[in-house]
Structure formats: structure tokens, C-alpha cells
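Enquirer: Requesting a structural model of the entry that follows:
(2 chains)
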Amino acid sequence: GAGVSQSPSNKVTEKGKDVELRCDPISGHTALYWYRQRLGQGLEFLIYFQGNSAPDKSGLPSDRFSAERTGESVSTLTIQRTQQEDSAVYLCASRPRTAWNTEAFFGQGTRLTVV
Amino acid sequence: GDSVTQMEGPVTLSEEAFLTINCTYTATGYPSLFWYVQYPGEGLQLLLKATKADDKGSNKGFEATYRKETTSFHLEKGSVQVSDSAVYFCAPLTQGGSEKLVFGKGTKLTVNP
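Expert: Numbering: from 1, shown residues only, chains lettered A, B, ... in the order given. So this is what the prediction gives:
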């Protein structure tokens, strides 16, 4: 597609359930990032992929959070046993690695509400 | 670790006022520097960037200069418009083993007519 696509756009889940958030990066973009943005807050770095490996997963808040990436394509962020504090917009971004100074392109995000 | 300190908001200005949003960073190596903007109801998009010392990024009347000696990348605009109302984020991109893109907390700008 033309841009970064995230699905679903909105997700309401009950506390304690597992959720999967999907990100389709721009074709050919080798780098992929996940961020969390709580209401009125900044972007909290979660994890960074280069290809299908994750050189930096230092931002994952707990072991309930995990992420995978298939090759240089789709990534899935999984949150197990969701808690109310997980409610936020989850943003995905991708960038080409042809040069170190290239910018990231963002998806529209998945708004997660844990009730 | 890598971090960004961005001017606290919110900032409220009248149309045609001068804008400065301060940004300083700590980063490994020699980062590229970006300003992103998030307009109400929209996703994040790149506003401008600079990739080496003394470079000036510019777009839509906004400017920022890469100051290596002060590790700063302050955003400026000489005359803001109502349509500039948005949240602005400063972000260095580190080089090397981890190309981590870290964001500041964001500065919300409201421009009144």
C-alpha cells in the first residue's frame, strides 16, 4: 500500500483478555517501530525491528507485551492479560534503511480501550 | 541512554506571533534530527529534518538549526497561523547498532485568531 496501515483502528477489550495489533509497513521499509501514546501524552518507545530481528526492545513495559515481525513485512504487537493502564493509542512507523537520515512514516494508530 | 527534553506546553499564541519551541537531546553518536507534527485528528507527519551540524531544516515557514555544540534543535516560525495549531514533537535518530527514534513529550500549540 501507499502508507503504513494499522488494524484494527479501534479495539475495545475486557480487562484480562489478550489483544493483537497489526502493522503493515510501507513495502521495502526494513525498519519498523512501535510506540504507545496515552491520552494527552507523548510517544513512548516500545520496540524497534530491523528486518525480523529486534535490536532494541527496551521499551516494552512488561512481559505481558511482545512483538513479532515476519521478514520485512507485517508486525504484530501482542498484549496479554490486558490492564486498564494499557489503554492508549498504539502507533507503528516504518522507515527505509537505505540511509541513516531517512524519516519514519507513521500509521494512523490503533486506539485500545480496556474496560 | 538517548533522551529528548522538549519545552513544556501548552503554548498559546495570537496569529502572527513569533514561535520558538526548545528541544535539546542526548544521543549516542551523531544523530539525525527531526521535528514531527500531529494536527488534530491526524497522524504524525514529518515537518522538517537536519542531518549534520549547522544544517537548517525548513518547511511551511518553520525552521530549525542543528546545533551540535549545544545539542539543540529549536523550532521557530516568524509568524504563526491558526492552521499551525497542533502538537509538535522533537526526535533524534541515533546511528549505529540501534537506529532508535526517540520522541520528546510533545508541545501543544494553540494559535488564536
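
Enquirer: The most centrally placed residue in chain A: which element?
Expert: Nearest residue to the geometric centre of chain A (CA atoms, centre = their mean): residue A:34, 3.3 Å. Using DSSP states H and E, residue A:34 maps to strand A:31-37.

Enquirer: Give me the sheet partners of that strand and which way each runs.
Expert: Strand pairing for strand A:31-37, determined by DSSP bridges: strand A:44-50 (antiparallel), strand A:88-95 (antiparallel).

Enquirer: In PDB, could you pull the C-alpha coordinates for the worst-scoring helix or strand of chain A on mean pLDDT?
Expert: Counting by mean pLDDT, DSSP states H and E, the weakest-scoring helix or strand in chain A turns out to be strand A:53-56, with a mean of 86. The C-alpha coordinates for strand A:53-56 follow below in PDB (Å, rounded to 0.1, in the frame of the first residue of the first chain):
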ATOM      1  CA  SER A  53      15.100  -9.100  14.400                       C
ATOM      2  CA  ALA A  54      14.600  -6.600  17.300                       C
ATOM      3  CA  PRO A  55      17.800  -4.900  18.200                       C
ATOM      4  CA  ASP A  56      16.000  -2.800  20.800                       C
END
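
Enquirer: list the helices and strands that strand packs on?
Expert: Contacts defined by 3 or more CB pairs under 8 Å, 6 or more residues apart in numbering or on different chains; DSSP states H and E place strand A:53-56 against strand A:44-50. Quick note: C-beta positions are derived from backbone N, CA and C, even for glycine.

Enquirer: quick one: contacts of the strand it packs on?
Expert: A:30-38, A:54-61, A:65, A:67, A:69, A:75, A:77, A:90, A:97, B:98-103 (CB atoms under 8 Å, 6 or more residues apart in numbering or on different chains).

Enquirer: ok, and the closest non-adjacent residue to residue B:44?
Expert: Leaving out its chain neighbours, the residue that sits closest to residue B:44 by CB to CB, 6 or more residues apart in numbering or on different chains is residue A:106, at 4.3 Å.

Enquirer: from what I can see the one you found touches residue A:89, true?
Expert: No: in this structure, residue A:106 is not within contact of residue A:89 by CB atoms under 8 Å, at 10.8 Å.

Enquirer: Can you list the buried residues in stretch A:40-57?
Expert: Residues of stretch A:40-57 classed as buried by neighbour count (16 or more other CB atoms under 10 Å in any protein chain shown): A:42-50, A:54-56.

Enquirer: which parts of chain A sit against chain B?
Expert: Contacts of chain A with chain B, taken as CB under 8 Å from any CB of the partner chain, map to A:31, A:33, A:35, A:41-43, A:45, A:48, A:50, A:55-56, A:58, A:91, A:93, A:95, A:97, A:100-101, A:103-109.

Enquirer: all strands for chain B, in order.
Expert: Taking DSSP state E as the criterion, chain B carries its strands at B:3-6, B:11-14, B:19-21, B:23-26, B:32-38, B:44-50, B:56-59, B:62-65, B:75-77, B:86-93, B:107-112.

Enquirer: Adding mean neighbour count, write those strands out as JSON lines.
Expert: Formatted as JSON lines, the strands of chain B follow (neighbours: other CB atoms under 10 Å in any protein chain shown):
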{"stretch": "strand B:3-6", "mean neighbour count": "17"}
{"stretch": "strand B:11-14", "mean neighbour count": "14"}
{"stretch": "strand B:19-21", "mean neighbour count": "17"}
{"stretch": "strand B:23-26", "mean neighbour count": "18"}
{"stretch": "strand B:32-38", "mean neighbour count": "24"}
{"stretch": "strand B:44-50", "mean neighbour count": "20"}
{"stretch": "strand B:56-59", "mean neighbour count": "15"}
{"stretch": "strand B:62-65", "mean neighbour count": "20"}
{"stretch": "strand B:75-77", "mean neighbour count": "20"}
{"stretch": "strand B:86-93", "mean neighbour count": "24"}
{"stretch": "strand B:107-112", "mean neighbour count": "17"}
